[in-house]
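Student: Quick one: sequence and predicted model below, then my questions.
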Amino acid sequence: MTLEQLRIFVAVAEREHITHAAQALNLTPSSVSHAVATLESHLRIKLFSRIGRTIELTRAGRIFHVEAAAVLARAEAARDRLLDFAMLRTGTLHLHASQTIAAYWLPKRLNLFRARYPDITLTISARNTAEVCAAIRDGIVGLGLIEGESTEPTLICQTVAADKLLLAVSPRHPWANRTPAPHELDTSEWVLRETGSGTRSAFVQALHAIGVDAANLPIAMELPSNEAVASAVETGDAATVLSASVLAGRLEAGLLHHVLFPLPERPFQLIRHPERELSPVETAFLTIL
């Protein structure tokens, strides 16, 4: 049976009149009669008794009317939910973003989105760049934001902003009073983000561009968050490279010193899978970005 057959049956059942049901449905009486007859034939049971020129529901018809009306109500509810979803009156925006973006760059954009679409739930997960790329590849989320280059070459990447990396040390560090030459970078211990982070990858690439092998740096600690790295450098004698956004507050407070070592900008990139359709919510967020 089809939803259209159920719709016709319910209309006739509510009126117990073929012509009145046909008028309400904007159909011909013959097409309504045919639909009811086809349904009865399919179910192999009579849903209406024909008494003279009138009809009335049989006992089976009354039972079936309750169920048919419930099915139509659920179908209507499903249609309304999809319409709300398409019109951005409901839904969830689930993003994975690398840590620097999630903590410092993304909140302003989320507030813009929230102001325009207040009924959308926002769920953000902070991961390192490699983990964000893997989540997009595996279809866990539809959109991701990363620092630097994607670790999955098949993903679509779109630059949405630029970021500056800074070399920082504590005010007690020898480099607080001078800028080291590239060949001197291995004379200090380092505290860096973990392998797989966008910050670590961008730094390694920058060193490679000036002929320095990052593997030769004496790394005292690898830590999984920007704040942990900055705190370790602030209270120790090592150097680090982090985003200007992460370091700004500590630099202004004099807790860390910016070493004027040239490092290139890196892109913030929005990534998605080329073969997966974006939801209306994801498309709206992409438009805002």
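Tutor: Yes, it's here. Predicted model only: the values in this text are computed from it and were never measured.
Student: For residue 140, pull up the helix or strand it's in.
Tutor: Remark: residue 140 resides in no helix or strand, with elements defined by DSSP states H and E.
Student: That one touches residue 123, doesn't it?
Tutor: No. Using Cβ atoms under 8 Å, residue 140 makes no contact with residue 123, being 11.8 Å away. For glycine as for every other residue, the C-beta is placed from the backbone atoms N, C-alpha and C.
Student: Those two: which is more packed in?
Tutor: residue 140 (14 against 10; other Cβ atoms under 10 Å).
Student: what's that one in contact with, if anything?
Tutor: By Cβ atoms under 8 Å, 6 or more residues apart in numbering, the contact set of residue 140 is residue 96.
Student: Got phi/psi on it?
Tutor: Per-residue torsions, residue 140: phi -70, psi -40 (degrees, to the nearest 10).
Student: what's the answer for residue 265, then?
Tutor: Torsion angles at residue 265 (phi, psi; degrees, to the nearest 10) stand at phi -70, psi 160.
Student: helix/strand/coil for the closest residue to residue 265 other than its chain neighbours?
Tutor: Closest residue to residue 265 apart from its sequence neighbours, by Cβ to Cβ, 6 or more residues apart in numbering: residue 162 at 4.7 Å. For residue 162, the assignment made with DSSP: H, G, I helix; E, B strand; the rest coil gives strand.
Student: For residue 162, give the beta-bridge partners.
Tutor: Residue 162 has the following beta-bridge partners by DSSP bridges: residue 267.
Student: State whether it and residue 245 are indeed in contact, as I suppose.
Tutor: No. Residue 162 lies out of contact with residue 245 (Cβ under 8 Å); the separation is 11.5 Å.
Student: Neighbour count: those two, which is higher?
Tutor: residue 245 (16 against 10).
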